[in-house]
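Participant: following is a predicted model, sequence given first.
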Amino acid sequence: MRLRSGTGVINGSRRLPAMSLRNRIALYYTGTSAILMAVVFTVIFLTVDGVVYNHFDEELRHEVNETLSDSHVHELDVCDFDRLKEMGLDEAREGRHQSRHKVRKVAEIDPEYVQLVDNAGRVVSKTANLAQNVLTFRPSYAGVRYFTSELGQSTLRQVQVPLVGRNGAVEGYLIVAVPLKSAMIVLRDMKYIVLVSYPIVILTLFVVTRLIAGKSIQPVEEVISTAESISQANLGLRMPLPSNQDELYRLSVTINALLDRLQDAFQREKQFTADASHELKTPLAVVKGTLDVLVRKPRDTGHYEERIRYCLDELNRMARLIDQLLLLARCESDTTSPNIVLLYPGQLIETVISRMTPIAAVRNITLDLSIGYAGNVAADPAMLEIMLENMLSNAIKYSADGSGVSLRIDSLNGRPVCVIEDHGIGIPEAKLESIFKRFYRVDESRSSNTGGSGLGLSIVRRLADLQHIDIAVTSRENHGTVFQLTFPLTEN
Ligand code: ADP
């Protein structure tokens, strides 16, 4: 692994140096706006440019038409070149202006330049305002052509019109030009303004966007600083909720809910460790105390035997507790997944019953099995066996000597059920909810007398959840308890 600080090389792959979120937002936004503005400015500029040239071209067309009509030529392309030549351009145009505006001096007022060239390119006639100057003639241009040209210091827009005689041959060209000066100034100024204002606008946009982005992500900074300050010691701390119910609000709510769950789990783990050590400490203290007393002075063999047996019972209880703790830890770990198969429950229950019969027999308790459902159930055989064993052992533990415990396999609303019913001491209704909690015992004294640790039913609940088996319990004090397992539906 290579890790070089500053350059951003991690695991051999090159990464860009980290850029803050506000800078990234500002950069993306400004970048997009810059492209958009460049496109809009270009379109506007080209449109204005086109409109201006169109306007001049329109004016030129008008001028050509007027010049030709004043020389009594009726069609644009077909004219009497000689007549136009004889008449002289100033005369032709003056006639037009006089007829229109009565007294206008063409050379003084008219900004248009007109020039007549023959088909060899020689200037035949031109308006007086051209003085010594000659308009550009482009012999290679066929048909009517508009183009931009230079005349001394000024730029001109001009049109070149071929004059076709009655015989169909081009006899010469009429060239009309107007100065573009004012339009050029407008276009140049516009280009200048756009070019200068563009970077200023973009820079301002970046600064403003960065400010707004910084303000918008301010709650994120608060979430970060709160999250940084949360540790095991102050797990109760929560993210401040922004006033707007936006994505950041949802993020804070989600993180708070996560912290709630973590705090809960952490609390449960702490409680579990405290309970487990308490449960283990009791038999250890009993064994230690008993042995301490025994070694103080010599005793007779019978006393030794009785005390050793007592210690062994306590050690067995401890071993059982450790087994249950390990089992609970195993089935609570997320990696545990049940191996669910379709199995015939009757056989499995018979196995459990035969294992429990000697224990029940000691107290003269009978175990009955009735099978009203012949199908299979979906379960993990090993897990189901542990569940049945725990529930059956409870039923025996909390039953009166000489009573009976019954097991039934049936179907209810199409789903297979297994019912374990005893006629023992029962569970007070208010405590039914709690019996599945870890280390919970309805009555400390009666439970510890029977060697209970309060873990059996929490293991049953966890295993049932893993296999999607529903558990229901009903009980009446001094009448008995009924546990019912409802298996998931299967296609068998
Ligand atoms: P324990 O090892 O103490 O029996 P469990 O988790 O198996 O722990 O049971 C929790 C509590 O529920 C027991 O302490 C007991 O008081 C009560 N309980 C469980 N099953 C029965 C039953 N069949 N009859 C009466 N009480 C029961």
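Facilitator: Looks like it came in fine. Residues are numbered from 1 along each chain as shown.
Participant: got the residues of the stretch 301-450 of the chain near the ligand?
Facilitator: Counting by Cβ under 6 Å from any ligand atom, the stretch 301-450 of the chain comes close to the ligand at 390, 394-395, 398, 422, 424-427, 435, 440-443, 447. C-beta coordinates here come from the backbone N, C-alpha and C atoms, glycine included.
Participant: can you give me the helices for the stretch 351-492 of the chain?
Facilitator: Here the stretch 351-492 of the chain has its helices, by DSSP state H, counting those that start in this stretch, at 381-397, 444-449, 456-467.
Participant: mean pLDDT lowest where, among those helices?
Facilitator: Ranked on mean pLDDT, the bottom entry among these is helix 444-449, at a mean of 58.
Participant: ok, the residue positioned nearest the centre of the chain to Glu350 distance?
Facilitator: Compute the mean C-alpha point of the chain, and by Cα atoms, centre = their mean the closest residue is Glu247, 10.5 Å away. In this view, Glu247 and Glu350 are 59 Å apart by Cβ to Cβ, to the nearest Å.
Participant: please apply the same query to Ser399.
Facilitator: Distance, Ser399 to Glu350, using Cβ to Cβ: 20 Å.
Participant: could you do Glu222 as well?
Facilitator: 64 Å.
Participant: which of the residues in stretch 310-325 are buried?
Facilitator: Residues of stretch 310-325 classed as buried: 311, 314, 317-318, 320-321, 324-325 (neighbour count, 16 or more other Cβ atoms under 10 Å).
Participant: narrow these to those in strands?
Facilitator: Among the buried residues of stretch 310-325, DSSP state E puts none in strands.
Participant: closest one of those to Gly456?
Facilitator: Gln324 (7.1 Å; Cβ to Cβ).
Participant: test my guess that that closest one contacts Leu455.
Facilitator: Yes: in this structure, Gln324 is within contact of Leu455 by Cβ atoms under 8 Å, at 4.3 Å.
Participant: Ala177 should be in a strand, yeah?
Facilitator: Yes: looking at Ala177 with DSSP: H, G, I helix; E, B strand; the rest coil, it is inside a strand.
Participant: mind listing what it touches?
Facilitator: By Cβ atoms under 8 Å, 6 or more residues apart in numbering, Ala177 lies in contact with 60, 112-115, 135, 149, 151, 156-159.
Participant: the helices in this protein, which residues?
Facilitator: 21-70, 81-87, 89-101, 106-109, 181-216, 218-229, 247-296, 301-332, 345-362, 381-397, 444-449, 456-467 (DSSP state H).
Participant: where among those helices is the average confidence lowest?
Facilitator: Minimum mean pLDDT among the helices of the chain: helix 106-109, a mean of 40.
Participant: ok, back up a step: could you export the helices of the chain as CSV, including distance to Ile409?
Facilitator: Shown next, in CSV, are the helices of the chain (distance: least, Cβ to Cβ, whole Å):
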stretch, distance to Ile409
helix 21-70, 61
helix 81-87, 120
helix 89-101, 116
helix 106-109, 118
helix 181-216, 63
helix 218-229, 53
helix 247-296, 34
helix 301-332, 24
helix 345-362, 5
helix 381-397, 11
helix 444-449, 29
helix 456-467, 16
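Participant: got the domain ranges for this structure?
Facilitator: 28-189, 247-330, 338-486 (automatic domain parsing).
Participant: may I see the PyMOL selection of the buried members of the residues of the stretch 301-450 of the chain next to the ligand?
Facilitator: Buried members of those, defined by 16+ other Cβ under 10 Å, are picked up in PyMOL with:
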select buried, resi 390+394+395+398+422+424+425+426+427+435+440+441+442+447
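Participant: neighbour count winner among Ser399 and Glu350?
Facilitator: Legend: neighbour count by other Cβ atoms under 10 Å for Ser399 and Glu350, higher for Ser399 (20 against 13).
Participant: give me the distance between the closest residue to that one other than its chain neighbours and Gln132.
Facilitator: Take Ser399 and drop its neighbours on the chain: the residue closest to it by Cβ to Cβ, 6 or more residues apart in numbering is Gly424, 3.7 Å away. To Gln132, Gly424 is 132 Å away according to Cβ to Cβ.
Participant: try Val144
Facilitator: Using Cβ to Cβ, Val144 is found at 27 Å from Gln132.
Participant: repeat that for Glu66.
Facilitator: With Cβ to Cβ as the criterion, Glu66 and Gln132 are 26 Å apart.
Participant: those two: which is more packed in?
Facilitator: Glu66 (17 against 4).
Participant: roughly how far apart are the residue of the stretch 101-250 of the chain found nearest the ligand and Ser229?
Facilitator: Using Cβ to the nearest ligand atom, the closest approach of the stretch 101-250 of the chain to the ligand is made by Leu235 at 28.4 Å. Distance of Leu235 to Ser229, given as Cβ to Cβ: 11 Å.
Participant: contacting residues around Gln324?
Facilitator: The contact partners of Gln324, taken as Cβ under 8 Å, 6+ apart, are 453, 455-456, 459.
Participant: and those, which of them are buried?
Facilitator: Using 16+ other Cβ under 10 Å as the burial test, those include 453, 455-456, 459 as buried.
Participant: and the ligand, which of the residues you listed reach it?
Facilitator: Counting by Cβ under 6 Å from any ligand atom, 453, 455-456 from these sit close to the ligand.
Participant: redo those as TSV? Include distance to Thr336.
Facilitator: Shown next, in TSV, are those (distance: Cβ to Cβ, whole Å):
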residue	distance to Thr336
Ser453	21
Leu455	16
Gly456	18
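Participant: name the nearest of those residues relative to the ligand.
Facilitator: Gly456 (2.7 Å).
Participant: right, and the closest one touches Asn394 too?
Facilitator: Yes: checked against Cβ under 8 Å, the pair Gly456 and Asn394 is within contact range at 6.2 Å.
Participant: just the CA atoms of stretch 266-279, as CSV, please.
Facilitator: These are the backbone C-alpha positions of stretch 266-279, laid out as CSV (Å, rounded to 0.1, in the frame of the first residue of the first chain):
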residue,chain,number,x,y,z
PHE,A,266,-25.3,-0.7,23.6
GLN,A,267,-27.5,-0.4,26.7
ARG,A,268,-28.8,-4.0,26.2
GLU,A,269,-25.2,-5.3,25.8
LYS,A,270,-24.2,-3.6,29.0
GLN,A,271,-27.2,-5.0,30.8
PHE,A,272,-26.5,-8.4,29.4
THR,A,273,-22.9,-8.4,30.5
ALA,A,274,-23.9,-7.1,34.0
ASP,A,275,-26.7,-9.8,34.3
ALA,A,276,-24.4,-12.6,33.0
SER,A,277,-21.6,-11.8,35.4
HIS,A,278,-24.1,-11.5,38.3
GLU,A,279,-25.6,-14.9,37.4
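Participant: list of residues touching that stretch?
Facilitator: 232, 235, 321, 325, 438-439, 453.
Participant: cutoff 7 Å now
Facilitator: When contacts are defined by Cβ atoms under 7 Å, 6 or more residues apart in numbering, stretch 266-279 is touched by residues 235, 321, 325, 438-439, 453.
Participant: which ones are touching Gly402?
Facilitator: Contacts of Gly402 by Cβ under 7 Å, 6+ apart are Asn364.
Participant: for it, phi and psi?
Facilitator: Backbone geometry at Gly402, expressed as degrees, to the nearest 10, gives phi 80, psi 0.
Participant: can you check what pLDDT the model gives it?
Facilitator: Taking Gly402 on its own, its pLDDT is 94.
Participant: how close does it get to Met184?
Facilitator: From Gly402 across to Met184, the span is 120 Å (Cβ to Cβ).
Participant: and for Gln218?
Facilitator: 51 Å.
Participant: same deal with Val201?
Facilitator: 25 Å.
Participant: just list the residues touching the residue nearest to Ser399, thanks.
Facilitator: 395, 398-400, 403, 480-481.
Participant: go through those and name the one nearest Ile409.
Facilitator: Using Cβ to Cβ, those come closest to Ile409 at Ala395, 15.7 Å.
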